[in-house]
Structures are given as C-alpha cells and as structure tokens.
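> Sharing a sequence plus its predicted fold:
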Amino acid sequence: MGKRQTGIWAVVFTLVVAFMLTIMPLPEWAVAWRPAWVALVLGYWCLALPQSVGVLTGWIVGLFLDVVNGSLLGQHALGLAFVAYFIALNHRQIRVFPLTRQSLVIGSVIFAYTLYTLIIYNLLGSKPYGYHHLASALPSALIWPWLFVVLRDLRRKFNLA
C-alpha cells in the first residue's frame, strides 16, 4: 500500500473513531458538554493536510454526521464545510500559534459551528434545543491540545506530509 493510501486510511480511521465518540451514550446532563469530536478531528486534518483534506471532505463528513444524527440533511454538512474552509484558509497562521492560542481559535470555530447547528435545529427541527448546547465549545477547546498531539504523532508515524 502506497503512502497516499495509508494517509487516506489514517484520516478515515480517525474520523470513524470521532463518529464513535460522537454517538457514544452519555448521561443526560453530560450531553451538552460532549466535545464536537468530528469537527475537531476534521479541523486537525485540515490544519495538517490542507492540500488533501478540505471543504469537500468537510461536506462529505457532514453528510455522514447528518445521517448518524438523523438531522436535516445538509445541516452538519454546511457547518463542517465552514469549519474546514476557515481552518484550511488560515492554516498557516494557526499552525504557528502555540497550543493555547490554537485552542482558543479552534474553540471559537466550534462555537460558531454549534451556534449555527443550534439555530437550524430550533428553526427547522422537531425538538427545540437550549443554549446550553453551546457549552460543547469549551470541552472542545480544552481537549484540542491533547487531540493535536495524538493526531500529530499518528501523522508522523505514518509519515504523512
């Protein structure tokens, strides 16, 4: 298997793990505090491999997330395409930031993404969501440094660009 196929499988594997963490059952009080795993992993790959992982990948992953969540088709797709676009567009600046500042940037992007999905859920969804769902941006920002280090080590192990 070539380097390109190994890289694709590494990205797919990490996204599958992110999907599993997203659908993992949690107590009712903890659901709002669940990190946006899929957006975080997608954001890392857009930051690390912007020439390979970008808006189209975000759109496709978002469609899968729509199907998994049973939400309006295209809702998460548009939100994750925005996440991928913003991070891929600014990847040179974000890469040189220390991990604490990266956490702030990623947390802000996740906040915008969750705000967008919250607005769509409340306007078109059958179940209204409260603003406490915006709290997922905080654990996402706090988890970012560890996720960054784990995925960076995985990327280096497979010798991806």
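Right, received. Where do you want to start?
> Just give me the neighbour total for the closest residue to Leu21 other than its chain neighbours.
Nearest non-adjacent residue to Leu21, counting by C-beta to C-beta, 6 or more residues apart in numbering: Trp37, 4.3 Å away. From N, CA and C alone the C-beta is placed, and that goes for glycine too. When neighbours are counted by other C-beta atoms under 10 Å, Trp37 registers 22.
> next one: Val17
A count of nearby residues for Val17, using other C-beta under 10 Å, gives 13.
> Following the chain onward from the helix or strand that contains it, which element is next?
In this assignment (DSSP states H and E), Val17 forms part of helix 3-23. The element immediately downstream of helix 3-23 (helix or strand, assigned by DSSP H and E) is helix 37-48.
> For Arg156, see how far away the residue nearest to Leu21 is.
Distance, Trp37 to Arg156, using C-beta to C-beta, to the nearest Å: 21 Å.
> So for the chain, which residue is the most central one in space?
Nearest to the geometric centre of the chain sits Ala39, at 0.8 Å (C-alpha atoms, centre = their mean).
> pretty sure that one is touching Tyr113, no?
Yes. The criterion here is C-beta atoms under 8 Å, and Ala39 meets it with Tyr113 at 5.6 Å.
> For the longest helix along the chain, name the packing helices and strands.
Longest helix in the chain, counting residues (DSSP state H): helix 99-124. Packing partners of helix 99-124 (3 or more C-beta pairs under 8 Å, 6 or more residues apart in numbering; DSSP states H and E): helix 37-48, helix 75-89, helix 137-157.
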